[in-house]
Structure formats: C-alpha cells, structure tokens
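In: pasting the structure only:
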C-alpha cells in the first residue's frame, strides 16, 4: 500500500538521491578518518598514512600546495579537535563541517519536501563557485604563511 509520504519520496529526482548518498559517504569518510588516521603534528603529511606520496610542492619549492594540510585538518576535525583543525588548514575545517552536517541537512530537506537535485540546478553556479575558489585561495595563502613562519 502506497502512502502519500512514500509517493512524495518517490518524486525526488535521481540527483537528489545522489546528493543524499554523497552526504552519507562523506560522513562515513569522516568516521573512517577518525578510526584510521592519526593527524600529523607538523600540520601536513597525514595523507601519507594512506600510501600516498609526500607533497611534491613542499619537496620542490618549499611551500605547500593548495591541498597541503587538508587531510590533517579533517583528521583533527574527526578527532573532535576543532581548533587544531581550523588552525592547521581552514579549508579542511570547512570540509569537515560539510561532512558532518551534510547528511542531517539532506535528510531534513527530504522530510520537508525539498528536492536537492532541483535546488542545485536552480543555483547560479557563479554565485557559489567564485566564493568557494576565493576561500580556497585564501586558505592556501594562510597555509603558506603558517608554514613559512614555522
């Protein structure tokens, strides 16, 4: 027997359910980082625990790449060390927040009748990509400054 609620859920776009699944995956990834990774005390290099090579930018130029410290920051976030996460790399802190809040917000959107796929197509891309790129660039400059001072 189909109820009004199940019909409403069925009307969500495929993109909506992909967004919900991605939110679930991000939260699982955050939990996995909590279990599998120990944040590097020097602020970068945690990704090497996953078998990845060291940052070539640090080796070649002595400055961090735009992603330096993100894994370490998210690992600190997953450990509940929010201040350490923010200090190590602000971009990682924001990604940790997104991973933590994404699924609850997606579930709430679903319960309140939103279709996240439709909402995403209505967003003006430039309205959120440009600030995201600017924030990433500022976080990178911050990481460079912190690394050079240390």
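Out: Received it, and whenever you're ready, just let me know what you need. Nothing here was measured: the structure is a model prediction, and the numbers come from that model.
In: from here on, contacts and neighbour counts on C-alpha atoms
Out: Noted.
In: Pull the contacting residues for the residue nearest the centre of the chain.
Out: Nearest residue to the geometric centre of the chain (CA atoms, centre = their mean): residue 95, 2.5 Å. Neighbouring residues of residue 95 by CA atoms under 8 Å, 6 or more residues apart in numbering: residue 74.
In: Can you tell me the element it falls in?
Out: Taking DSSP states H and E as the criterion, residue 95 maps to helix 90-111.
In: List the buried residues in the next helix-or-strand element following that helix.
Out: Using DSSP H and E, the helix or strand that follows helix 90-111 in sequence is helix 116-122. Buried residues in helix 116-122, counted by 16 or more other CA atoms under 10 Å: 116, 117.
In: Check what contacts helix 116-122 and list those residues.
Out: So helix 116-122 is in contact with 12, 13, 14, 15, 16, 17, 19, 106, 109, going by CA under 8 Å, 6+ apart.
In: for the record, mean pLDDT for it?
Out: Across helix 116-122, the average pLDDT comes to 84.
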